[in-house]
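>>> got a predicted model here, sequence first, then my questions.
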Amino acid sequence: MQAEAAILNNQNDFTIPVDKNGLVVYFSVNDTPFFFNGNTGFFSDSLPEYADEAMRTLVKQPAEQVGLFEKLKKKYGDGCNDFLQEIWRFQNGTHPDLTAEPRQASFYQRMKPHTFNVYLSQSCNLSCGYCFNQGGTFGRTSSVMSIETARDTLDFFTKIVKTGEHKKISVNLFGGEPLLAPKAAYTLARGLQNLNHQNFDTEITLILSTNGTIYNKKVFDIFAERPDISTVVFSLDAFKNIHDQNRPYANPQKGSSYEVISKNLKRMILERVPYSVTCIVPHPYDFISAARQLHRLGVESVEIKELIHHIYGKSSLPEVFEREFHLWRQNYIDYCDYYLDYLKGKNPVKHVDRYVVFKEYANKLNRERTGTTLACGAADEKVGISAQGKIFPCESLIMQEAFELGSVKNGFAPDKYTRFEEWLFQNGQHRLDDDRCRDCFAKLICGGGCYAASMDDFGELRPSEESSCQYTRETVKIDLYYISQMKKRHPEIFSRITGVKN
């Protein structure tokens with residue numbers, strides 16, 4: 001933490017541990033100071049006038065601190081005294097907000113997830129260099145979902161909807177390239193949308209994650225029936241040269257995938273297909289230029305995602321930020337500020353990634369200590385379904401046969417689910433069990449890293465390597481800065497997204 005603070009001081013921003021381990025931090029982004037308790041999720045962007053002077057005493061030697069604290073008490077009075085007492089309790093480890101959170105013994109949902117990623121195809125017609133699942137195959141044999149399995153999957157969802165256990169569920173028709181299984185895609189899209197038309201208590205948010213090279217009008221027309229809850233998500237990396245370099249056809253003779261996708265985008269807009277574009281931004285992380293280019297293309301909904309050099313099944317954890325950390329950091333801050341300014345304009349394009357930030361942090365900031373879903377919510381909030389109709393903890397653990405939780409035909413297998421639950425809770429509560437995670441202010445957001453990536457790299461559950469932790473910590477600080485700025489600069493948007501009045 002001291003090294004990190006020194007690095008950022010060179011850019012006029014700082015991170016100062018409030019307790020001895022750095023679980024609670026006083027930090028700044030764009031010269032704006034914040035206080036964040038990573039143990040409870042308490043976040044403050046409205047600090048008293050004496051806070052900065054008080055916090056900066058923490059980098060002094062203990063012998064100096066006493067005298068400085070006394071000067072502050074005389075200068076600012078009783079309010080400052082109470083504040084200093086709080087700091088002192090954090091420093092000596094006696095503050096109740098440092099009390100370790102209780103262990104989680106079981107999943108909160110208990111075989112009642114609400115987010116489903118369904119592999120219609122474990123195959124793809126593109127060969128994207130940064131695909132996390134290698135075209136949906138994870139390096140195994142290609143496959144597509146049969147019409148029979150699609151019907152079983154539809155029955156599986158029908159039973160969930162009819163129970164009324166969830167107000168909403170989300171179903172992502174996924175791959176690989178899902179439209180390589182057109183019959184399965186149509187069967188599920190048609191059946192799920194029909195359930196929405198029947199006005200059950202449970203509403204289905206329907207997503208199709210496609211690479212955009214295949215235009216299936218029959219399927220897309222189904223999505224157009226309920227544009228409020230249906231989205232076709234496809235990929236377009238803003239600039240043709242970057243896109244075609246990173247997203248070439250598996251058969252190079254097919255030419256430019258960018259040109260095909262751009263043509264399909266125009267048709268989607270013309271035929272009023274609800275869509276969103278995912279744009280991957282590689283080094284040099286020029287998020288703003290990518291955003292502006294997509295705006296020029298007429299894109300109405302976009303998700304900007306950075307390319308981190310960690311490809312599932314192909315490479316080690318990222319070391320890129322040892323070389324490019326400052327470049328990425330400044331560009332990410334600039335992008336946040338750009339979007340905040342952009343929202344002042346007329347009919348701004350929705351940047352899904354800027355809205356998702358609120359969702360990711362919603363239940364983790366200023367929360368009551370009632371527990372947070374274990375890490376990413378695998379097997380609890382979400383599950384993955386393979387092209388063969390088997391249920392797995394998430395879309396990235398599809399090829400871990402030992403983790404199968406049941407099937408769409410027969411539902412969850414309680415014994416298999418319990419076995420996975422016991423294994424995960426014994427080995428995967430990183431934010432409680434690992435020293436680095438337990439004492440890290442980012443632990444509620446990170447949870448220790450991706451279980452699937454860990455299994456792929458090591459064959460066992462381990463928390464993230466330090467090579468990616470610096471990036472994660474800085475992302476959390478910048479995201480908190482963005483949330484604060486949205487609340488102050490666009491209170492009406494903040495209230496609409498969060499449901500919290502400013």
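Happy to help now that I have it.
>>> quick one: the helices in the stretch 101-250 of the chain?
In the stretch 101-250 of the chain, the segments counted as helices under DSSP state H, counting those that start in this stretch are 147-163, 182-197, 217-224, 240-246.
>>> quick one: which of the ones you listed is nearest residue 454?
helix 240-246 (25.3 Å; CB to CB). No exception for glycine: its C-beta is placed from N, CA and C like everyone else's.
>>> would you agree residue 460 falls within a strand?
No - assigned with DSSP: H, G, I helix; E, B strand; the rest coil, residue 460 falls outside any strand and is coil.
>>> now do the contacts for it.
For residue 460, the contacting residues are 427, 454, by CB atoms under 8 Å, 6 or more residues apart in numbering.
>>> and residue 408, how far from residue 175?
Distance, residue 408 to residue 175, using CB to CB, to the nearest Å: 17 Å.
>>> nope, residue 301 is what I was after
Residue 301 is 20 Å from residue 175, by CB to CB.
>>> hey, which of the helices of the stretch 101-250 of the chain is tucked in deepest?
Sort those by mean neighbour count, taking mean count of other CB atoms under 10 Å, and helix 182-197 sits at the top with a mean of 20.
>>> that one - what's its average pLDDT?
What helix 182-197 shows for mean pLDDT is 98.
>>> tilt between it and helix 217-224?
Counting by axes from the mean of the first three to the mean of the last three CA atoms, to 10 degrees, helix 182-197 lies at 20 degrees to helix 217-224.
>>> so which elements touch helix 182-197?
Judged by 3 or more CB pairs under 8 Å, 6 or more residues apart in numbering; DSSP states H and E, helix 182-197 is in contact with helix 147-163, strand 168-174, strand 203-209, helix 217-224.
>>> go through those and name the closest to residue 36.
Minimum separation from residue 36 across the helices and strands packed on helix 182-197 (CB to CB) falls at strand 168-174, 29.2 Å.
>>> helix/strand/coil for the residue lying farthest from the centre of the chain?
Of all residues in the chain, residue 74 has its C-alpha farthest from the mean position, at 46.0 Å, by CA atoms, centre = their mean. Secondary structure for residue 74, judged by three-state DSSP, is helix.
>>> tell me the spacing between it and residue 88.
Residue 74 is 17 Å from residue 88, by CB to CB.
>>> and what of residue 474?
Using CB to CB, we find residue 474 at a distance of 28 Å from residue 88.
>>> those two: which is more packed in?
Set side by side, residue 474 and residue 88 show more neighbours around residue 474, with 24 against 13, by other CB atoms under 10 Å.
>>> SS state for that one?
Under three-state DSSP, the three-state class of residue 474 is helix.
>>> need the contact list for it.
So residue 474 contacts 325, 329 (CB under 8 Å, 6+ apart).
>>> quick check, pLDDT for it.
The model's pLDDT for residue 474 equals 95.
>>> how much space separates it from residue 289?
21 Å.
>>> quick check, central residue of the chain?
residue 360 (6.3 Å).
>>> who has more neighbours, residue 408 and residue 175?
residue 175 (30 against 23).
>>> for the more buried one, grab phi and psi.
phi -160, psi -160 (degrees, to the nearest 10).
>>> which ones are touching it?
Residue 175 makes contacts with 119, 120, 121, 122, 123, 124, 135, 136, 209, 210, as judged by CB under 8 Å, 6+ apart.
>>> cool, and residue 454?
With contacts defined as CB under 8 Å, 6+ apart, residue 454 is in contact with 460, 461, 462, 463.
>>> return the member of the residues you listed nearest to residue 225.
Closest to residue 225, out of all of the contacts of residue 454 and judged by CB to CB, is residue 461, at 42.2 Å.
>>> if we ignore the residues flanking it in sequence, what's nearest residue 237?
Of all residues not flanking residue 237 in the chain, residue 243 sits nearest, at 3.8 Å (CB to CB, 6 or more residues apart in numbering).
>>> same question, residue 283
residue 324 is the one closest to residue 283 (CB to CB, 6+ apart), at 6.3 Å.
>>> what number of residues lie near that neighbour?
Neighbourhood size, residue 324 [other CB under 10 Å]: 17.
>>> over to the one 4 residues further on?
Each residue near residue 328 was counted by other CB under 10 Å, and the total is 21.
>>> assign it to helix, strand or coil.
Secondary structure state of residue 328, per three-state DSSP, is helix.
>>> just the strands in the stretch 201-350 of the chain please.
Ranges of strands in the stretch 201-350 of the chain, per DSSP state E, counting those that start in this stretch, are 203-209, 230-235, 275-281, 301-306, 350-351.
>>> can you tell me the strand partners of the last one and which way each runs?
Next to strand 350-351 in the sheet, as set by DSSP bridges, lie strand 301-306 (parallel).
>>> which residues does the strand it pairs with contact?
By CB under 8 Å, 6+ apart, the residues outside strand 301-306 that reach it are 231, 233, 275-282, 285, 287, 290-291, 294, 328, 332, 335, 349-353, 356.
>>> mind doing that once more with 10 Å?
Strand 301-306 has contacts (CB atoms under 10 Å, 6 or more residues apart in numbering) with 130, 231, 233, 235-238, 274-283, 285, 287-288, 290-291, 294-295, 328, 331-332, 335, 339, 349-356, 471, 475.
>>> the residue nearest to residue 237: what's it in contact with?
Applying CB under 10 Å, 6+ apart to residue 243 gives the contacts 128, 235, 236, 237, 256, 257, 258, 259, 261, 262, 279, 280.
>>> farthest pair in the residues you listed?
Maximum distance among the contacts of residue 243 (CB to CB): 17.8 Å, for 259 and 280.
>>> compare the two (neighbour count), which wins?
The residue with more neighbours, out of residue 259 and residue 280, is residue 280; 22 against 12, by other CB under 10 Å.
>>> contacts only, for that one.
Counted by CB under 10 Å, 6+ apart, residue 280 has contacts 128-130, 235-238, 242-243, 246-247, 290, 303-308.
>>> now with 7 Å?
Neighbouring residues of residue 280 by CB atoms under 7 Å, 6 or more residues apart in numbering: 130, 237, 246, 305, 307.
>>> redo these as a markdown table? Include distance to residue 385 and pLDDT.
Below are the contacts of residue 280 laid out as a markdown table (distance: CB to CB, whole Å; pLDDT from 0 to 100):
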| residue | distance to residue 385 | pLDDT |
| --- | --- | --- |
| 130 | 24 | 83 |
| 237 | 28 | 96 |
| 246 | 28 | 91 |
| 305 | 24 | 94 |
| 307 | 27 | 81 |
